[in-house]
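Engineer: Let's see this in three dimensions:
(chains A and B)
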Amino acid sequence: MNKQVDLKGKRVIASKHVKLGQKNRKGQTYTDVNDIFYKAEQTPNFLTGSEVIKEAIRRASVGTSVAYPITPQSEAAALIGELYAEDYLDEYFRGESEFAVMGQCAGASFGGHRVFTTTAGPGTLRAMENFPMWAGSRLPIQVCVTCRGINSPLSIQPDTLEMHYLLETGMLVWHAETAQDLYDYILKGFIVAEQPDVHVPIAVCCDGFFVTHTKDTVDLSPEELCLTPYNPYESPVTCMDMEIAPYRMMRDPFVMKSNYINYSTHASWQQEIKAAVERSRKHTIALLDGLIDEHNSDREILIVTSGTAVSQSREAIRLLEEEGIKVGLVKIKTVRPFPYEEIKRATKHAKHIFVPEFNVAGWMAREIKSTIPDNERVYCGPHVAGGMTMPSEVIVEEIKTHLGIKTAQNSR
Amino acid sequence: MSRMNIRISGLGGQGAVTAAHLLAMAANKDGKFSISNPFFGAEKRMAPAESYARIGSERIYDRGELVYPDVIMIFHPQVITMQKSYTAPFYDGIKENGLVIINTTDDLLTDEDHKRLEDLNVAVLNHDATKLALEIGKTELSTNMAMIGACAGITKIVSLKALDGAIKDRFGKKYVASGGTATLDEAIKKKYAKKEMLLKANMDTITKSYEIATEWAEKQDLNLVTV
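Structural biologist: Numbers count the residues shown, from 1 in each chain, chains lettered A, B, ... in the order given. Next comes the predicted model:
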């Protein structure tokens, strides 16, 4: 088991992997994740999100990656192919569809590899059946979801509706705001997902184009340091063996029938997966410095959201501040586990809670409404959908209109 | 904080996305904060393609489609004449004292367009970027370089030295892009015997365009934002 250590005042997990400190075939040193992020010097680079995915995977000691092209993740998938050509990965190949890819990922993970793949929008939905299968089989696979529109008519631009479909799959679901988040979350995500008391898959989500195709400044850890490898012997379930649970459940007649043993077997296993997601909190809080970020959350007007909507809100807050309207911000970093307690506490003093979202459903606002008392304080919006941009000015306008402040637009 | 928002509207294959990335990379090299991103539908030549570069004195958070730009660059006349743009008219949202640079030999604006832009004190430069690209870069694929040069010449938002560095980063190293961009990268590289010649041709196109635009700007009564 992992020991707890104290570093910079944070309780973090330290790797005890047998290869810690040794070099891999590329000359990289297997290093504890804490040392990679908190001890080593981070160097600023000006990169697209796709390039950042490549740089994270270069340092992630990934065994297998499976690729299938779909915008906006195709470049990242191709760049991981470059890493394979440079011998950073053991296996890399192209699946026949997203459904096939996720099945192949499961195979590689059952076999004991650290596995990474990427998908987006319609691809995520096509692959959907596999995600609860991964979770139920306790496979700590990481999929990077570069969100895009899922509906017809077609859109390749970002829309976070697909994340809503992931919420009850039993996976960890994290939402990166920027390319920097994406880099950090990919590397730290493996470590959290692979903890023996967690050991479920993780979806590291970002908004397509606004993160993947945007050039931004990102601090990278040294190329010479990589994560310690996945240790399959720390899995809380046995290696795939059809005679032993949980895999035996798949073939055994008694669970395949509709009876109470079947129901209770499934119910208890589903509860265990949910509990595993909840158990990831302590590791995530240590590595991500909390499940939420807060800026002036004691203010009466708050914006609470995740992903690019946070970036747009930061700019909107700057614009509102110029007019003397003070607004606080709560950034949600993990959607599963959902930061119930943190949000309840952070919104305690708020009279108005705005939830801007890049989807028409407003699922994040619903999650927040189901969490906090006096939820009529929550204003669901502004919303954009189908890949539309959410200009900061739109957030400003909607906040002012809701608060009854006259603007050139709303008094027309 | 000071900020310049640049919106580039072009057609697929013209390098509008590359142009925004280069401007942002150059601004970064000049020590400014910058962020750039593309916006397009199905990836095909001659389809509308936009890109945005935001450059500022402080950390920039917002991204995506630029609704209120200070500078608009139009890479192809069809953006205006065939409405191949995400906004109608193409200058919708431009800020007061803004700048429009159009790659054209002819005036493509209606009287109403002129009036609306004049009311906002927006300067318009009709700039034959494709001609410069053909003359100096020896290929119309360098049109984006001529447009970047004009933008830098008028706004001084990035230095020539930083642009030179950005071009070396973008074309001098291995770069994995989407299929369409990779094909065009290969096409342009094949036109030159050596990579250094491509880098030089690009930079020469930028520099010449920069000089022409600087000369034009000196004759105007511009009141552009500075970063």
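
Engineer: Can you classify residue A:70 as helix, strand or coil?
Structural biologist: Here residue A:70 is recorded as coil under DSSP: H, G, I helix; E, B strand; the rest coil.

Engineer: Spatially nearest residue to it, not counting backbone neighbours?
Structural biologist: Using C-beta to C-beta, 6 or more residues apart in numbering or on different chains and skipping the chain neighbours, the partner closest in space to residue A:70 is residue A:123 (4.3 Å). (C-beta placed from N, C-alpha, C; glycine too.)

Engineer: list the contacts for the one you found?
Structural biologist: Counting by C-beta atoms under 8 Å, 6 or more residues apart in numbering or on different chains, residue A:123 makes contact with A:68, A:70, A:73, A:98.

Engineer: wait, the first one sits on residue A:99?
Structural biologist: The reference is to residue A:68. No. Look at residue A:68 against residue A:99 with C-beta atoms under 8 Å: they stay out of range, at 9.3 Å.

Engineer: Between these two, which has more neighbouring residues?
Structural biologist: Higher neighbour count among residue A:68 and residue A:99: residue A:68, with 23 against 16, using other C-beta atoms under 10 Å in any protein chain shown.

Engineer: which ones are touching that one?
Structural biologist: If you count contacts by C-beta under 8 Å, 6+ apart, then residue A:68 has A:77, A:94-98, A:100-101, A:119, A:123 around it.

Engineer: could you redo the last one with a cut-off of 10 Å?
Structural biologist: Residues near residue A:68 by C-beta atoms under 10 Å, 6 or more residues apart in numbering or on different chains: A:74, A:77, A:94-102, A:104, A:117-119, A:123, A:126-127.

Engineer: if I've got this straight, residue A:47 is in a strand?
Structural biologist: Yes. Using three-state DSSP, the assignment for residue A:47 is a strand.

Engineer: ok, of the contacts of residue A:68, which come out buried?
Structural biologist: Among the contacts of residue A:68, those scoring as buried are A:74, A:77, A:95, A:98-102, A:104, A:117-119, A:123, A:126-127 (criterion: 16 or more other C-beta atoms under 10 Å in any protein chain shown).

Engineer: now, among the residues you listed, which is nearest to chain B?
Structural biologist: Comparing these against chain B with C-beta to the nearest C-beta places residue A:74 closest, at 6.6 Å.

Engineer: re earlier: just the ones of the contacts of residue A:68 in strands?
Structural biologist: Within these, residues falling in strands by DSSP state E are A:94, A:117-119.

Engineer: Where does confidence bottom out across those residues?
Structural biologist: The member of those with the lowest pLDDT is residue A:94, at 94.

Engineer: what's the distance between that one and residue A:117?
Structural biologist: Look at residue A:94 and residue A:117: by C-beta to C-beta, to the nearest Å, they are 11 Å apart.

Engineer: Then residue A:15?
Structural biologist: 23 Å.

Engineer: And residue B:10, by the same measure?
Structural biologist: Going from residue B:10 to residue A:117 by C-beta to C-beta gives 33 Å.

Engineer: pLDDT value on residue B:177, please?
Structural biologist: 65.

Engineer: How many neighbouring residues does residue B:168 have?
Structural biologist: Neighbours of residue B:168 (other C-beta under 10 Å): 15.

Engineer: Please read the previous query as pertaining to residue B:58.
Structural biologist: Neighbours around residue B:58, by other C-beta under 10 Å: 12.

Engineer: quick one: it and residue B:35 touch, right?
Structural biologist: No. Under the criterion of C-beta atoms under 10 Å, residue B:58 is not in contact with residue B:35, lying 11.8 Å apart.

Engineer: max-length helix in chain A?
Structural biologist: Using DSSP state H, we find that the single longest helix of chain A is helix A:260-288.

Engineer: Check chain B too.
Structural biologist: Chain B, longest helix under DSSP H: helix B:195-218.

Engineer: Put the alpha carbons of that one into CSV.
Structural biologist: C-alpha atoms of helix B:195-218 as CSV (Å, rounded to 0.1, in the frame of the first residue of the first chain):
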residue,chain,number,x,y,z
LYS,B,195,14.1,24.2,-45.6
GLU,B,196,16.2,27.3,-45.0
MET,B,197,15.1,28.7,-48.4
LEU,B,198,11.5,28.3,-47.4
LEU,B,199,12.1,30.1,-44.1
LYS,B,200,13.9,32.9,-45.9
ALA,B,201,11.2,33.3,-48.5
ASN,B,202,8.6,33.5,-45.8
MET,B,203,10.5,36.0,-43.9
ASP,B,204,11.3,38.1,-47.0
THR,B,205,7.6,38.2,-47.8
ILE,B,206,6.8,39.3,-44.3
THR,B,207,9.5,42.0,-44.2
LYS,B,208,8.5,43.5,-47.6
SER,B,209,4.8,43.6,-46.6
TYR,B,210,5.8,45.0,-43.2
GLU,B,211,7.6,47.9,-44.9
ILE,B,212,4.7,48.7,-47.3
ALA,B,213,2.2,48.6,-44.4
THR,B,214,4.4,50.8,-42.2
GLU,B,215,4.6,53.4,-44.9
TRP,B,216,0.8,53.3,-45.3
ALA,B,217,0.3,53.6,-41.5
GLU,B,218,2.5,56.7,-41.3
